[in-house]
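Engineer: pasted the sequence and its predicted model underneath.
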Amino acid sequence: MFALRRHFLNRAVRAACALATVCATGWALAQPPKPVHILVGFPPGGGSDAIARLLADKLKEPLATSVVVDNRPGAGGQIAAQVLKAAPADGTTLFLSHDHTISILPLVVKNPGYDPVRDFVPVAGIATFVNALAVSGGTPAQGFGDYVEWVKAQGGKGAVGIPAPASTPEFLVKLIGQKYQLDLVAAPYRGSAPMLADMLGNQIAAGVGSVQDFMENHKAGKIRVVGVLGGKRQAALPDVPTFDELGLKGFDDLPYYGIYAPKGTPEREIKRLSAAVAQVLALPEVRDQLTALGLTVGYMAPQQLAQRERAYTQVWRKIIQDSGFQPQ
């Protein structure tokens, strides 16, 4: 009798344990996946922010979770990069960045607080883009030559807005000043959005930024893009000459946008995220919207993005050394 009672007790215990396991498993499966945060190192309203919000909206479906843009502006993307470095390596925190934060900033800042190679993992390349010089509506300049002559008429001095210090735009401002014997000062902003606000308000006569920063207001006639970098004219700006045409050499290698995850993120998660980005970039409406922003869309797998990063870093290491710029 005692043995029989123990037998039934053991069966009851096993059944209860099995039920608890099933319930726990079902509860776990019922939990919604964690949202994915895309860090952006610049304020809302700029080119990087527009790209991130478009991708975030479209990535919700392939990732089967909500995707949120998290703006962490400041120091040319440095703050957002530091946040990524400290984030959990579980695929829930990503960083949308262009070349400045990844390839250039570590060369011009002594202690940026992160090392892209050591601290980040490439997820996917999105597109290449070009930088441009634009003038505000308050200047009479209709083209680049007009702008040079206008600055000379102001005593040869002028301020040119840039989205971040020690960036491609700053080096371009220096090169223009040297070539045309102008005393141009690069005025750094915390991103392209506040720079554009000052240009639209005629608080500053010119600015250098990515084409996507200027495109909307250029089309509206509120500012005028007068020159673009790269070896060929942009399809969205066929009447605007390249700086190569204008005699400014050395800026042919195009900057890029990429998505990164913290070091240590599992490879299977990187592959899943990268595949989702590739799926979104293949959508005609996404390609059309990014092209309209002045981007040349082209998905890059993680290894391709890493190669692009290395090559671009080498190009800029030489440009920076040749300019005599000292890391700060």
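Structural biologist: That came in fine, so what should we check first?

Engineer: domain ranges for this structure?
Structural biologist: Domain assignment for the chain by automatic domain parsing gives 36-128+255-323, 131-228.

Engineer: strands along the stretch 51-200 of the chain, start to end?
Structural biologist: Ranges of strands within the stretch 51-200 of the chain are 67-71, 93-98, 120-128, 131-136, 157-162, 183-188, based on DSSP state E, counting those that start in this stretch.

Engineer: nearest to T242, of those?
Structural biologist: Nearest to T242, of all these, is strand 131-136, at 9.7 Å by C-beta to C-beta. (C-beta placed from N, C-alpha, C; glycine too.)

Engineer: nearest residue to the most centrally placed residue in the chain other than its sequence neighbours?
Structural biologist: When C-alpha atoms, centre = their mean is applied to the chain, the residue found nearest the centroid is S97 (2.7 Å). Distance criterion C-beta to C-beta, 6 or more residues apart in numbering; nearest residue to S97, sequence neighbours excluded, is G77 at 5.8 Å.

Engineer: likewise for V69?
Structural biologist: Leaving aside its chain neighbours, V69 sits nearest to A52 (4.8 Å; criterion: C-beta to C-beta, 6+ apart).

Engineer: repeat that for D198.
Structural biologist: Nearest to D198 is I204, by C-beta to C-beta, 6+ apart, at 4.7 Å.

Engineer: ok, the one you found - contacts?
Structural biologist: 136, 159-161, 187, 195, 198 (C-beta atoms under 8 Å, 6 or more residues apart in numbering).

Engineer: of those, closest to D239?
Structural biologist: Taking C-beta to C-beta as the measure, S136 is the one of the contacts of I204 closest to D239, at 18.8 Å.

Engineer: doesn't A197 make contact with the closest one?
Structural biologist: No: applying C-beta atoms under 8 Å, one finds S136 not in contact with A197, separated by 11.0 Å.

Engineer: more crowded one of those two?
Structural biologist: S136 (22 against 14; other C-beta atoms under 10 Å).

Engineer: what's the burial count for the nearest residue to that one once chain neighbours are set aside?
Structural biologist: Using C-beta to C-beta, 6+ apart and skipping residues adjacent in sequence, the residue nearest S136 is M199, 4.4 Å away. Residues lying near M199 (other C-beta under 10 Å) number 27.

Engineer: spit out the contact partners of M199.
Structural biologist: M199 sits next to 134, 136, 161, 206-207, 217, 223 when contact means C-beta under 8 Å, 6+ apart.

Engineer: hmm, back to that, so which of the strands of the stretch 51-200 of the chain comes closest to K60?
Structural biologist: Shortest separation from K60 across these is recorded for strand 67-71, at 5.3 Å, computed as C-beta to C-beta.

Engineer: hmm, who's touching stretch 309-316?
Structural biologist: With contacts defined as C-beta under 8 Å, 6+ apart, stretch 309-316 is touched by 99, 102-104, 106-107, 116, 122, 253, 255-256, 258.

Engineer: of the residues you listed, which belong to helices?
Structural biologist: 99, 106-107, 116 (DSSP state H).

Engineer: lowest pLDDT pick from the residues you listed?
Structural biologist: Lowest pLDDT of these: D99, 89.

Engineer: quick revisit: and the pLDDT for the residue nearest to the centre of the chain?
Structural biologist: 96.
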